[in-house]
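Peer 1: give me a model of this one.
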Amino acid sequence: MRAFLRKSGILVWVIAAIILATVLGSVRVGGDHLVPVEIGRIFATFSAIFSQFLSFSIPLIIIGLVTPAIADLGRGAGKWLGITTAIAYASTLFSGFLTYLVCASLFPRLLASTQLADVAEPGSALESYFTIEMPAPLQVMTALLLSFVVGLGLSMVPRGVLRKGFIEFRAIITRL
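Peer 2: Modelled structure (predicted):
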């Protein structure tokens, strides 16, 4: 088990952390929570810092992975980009409507007996000890459009220094 966790990616760790937090947060011993509030605030602090770092990293991940991928398509990249964009748009619409239908049908029944009497504002139940502001270098949509434009441009010109730079940036991002 230990070898599996060492080799597993971040997704497995995130899922394990969510399950562990749900279990530990819902267990009560003698009317009190099993995990003290101070320990919960440590986890809230880590969550806040990780969230800031993730918000900072997402535009860089988009530029680092999408730009060289489009550039590597070569001639006809515009056609493939159009097809991929159409599939992504249709998939987004389908999953959005499916999510809405599932939530509209299940949540009223699931939440009918649930009460939040102890916490007036659920988001403020656990405050982090401190936060570190890490603003994103650019917006996600800007990073996506920049990746499309630069990737298409790189696919039309001969291989050069700029393409090598984006390939090296991809290597940095994959190790992030």
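Peer 1: so where is this protein shaky, pLDDT-wise?
Peer 2: When residues are selected by pLDDT under 70, those of the chain lie in 1, 5, 113-125.
Peer 1: packing partners for the longest helix along it?
Peer 2: Across the chain, the longest stretch assigned as helix under DSSP state H is helix 37-73. Other helices and strands packing on helix 37-73, by 3 or more CB pairs under 8 Å, 6 or more residues apart in numbering; DSSP states H and E, are helix 77-110, helix 140-156, helix 161-174. (C-beta placed from N, C-alpha, C; glycine too.)
Peer 1: ranking the ones you listed by burial, who's on top?
Peer 2: Among those, ranked by average contacts under mean count of other CB atoms under 10 Å, first place goes to helix 140-156 (a mean of 16).
Peer 1: where's it relative to the chain centroid, distance-wise?
Peer 2: Helix 140-156 sits 21 Å away from the centroid of its parent chain (CA atoms, centre = their mean, to the nearest Å).
Peer 1: about what we covered before: buried sites along the longest helix of the chain?
Peer 2: 40, 43-45, 48, 52, 57, 59-71, 73 (16 or more other CB atoms under 10 Å).
Peer 1: thinking again about what came up before, quick check: which of the helices and strands packed on helix 37-73 is nearest to Val35?
Peer 2: helix 77-110 (24.1 Å; CB to CB).
Peer 1: where's the most centrally placed residue in the chain relative to Leu138, distance?
Peer 2: Nearest to the geometric centre of the chain sits Leu54, at 6.8 Å (CA atoms, centre = their mean). Distance, Leu54 to Leu138, using CB to CB, to the nearest Å: 15 Å.
Peer 1: domains of the chain: list them as residue ranges, please.
Peer 2: 1-35, 59-107+134-176 (automatic domain parsing).
Peer 1: what would the helices and strands packed on helix 37-73 look like in TSV with distance to Leu24?
Peer 2: Listed next are those as TSV, based on distance: least, CB to CB, whole Å:
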stretch	distance to Leu24
helix 77-110	21
helix 140-156	33
helix 161-174	33
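Peer 1: how many residues are close by Phe130?
Peer 2: The tally of other residues near Phe130 (other CB atoms under 10 Å) stands at 8.
Peer 1: who touches the nearest residue to it once chain neighbours are set aside in this structure?
Peer 2: Nearest residue to Phe130, sequence neighbours excluded (CB to CB, 6 or more residues apart in numbering): Thr45, at 6.4 Å. Each residue near Thr45 by CB atoms under 8 Å, 6 or more residues apart in numbering is listed here: 128-131.
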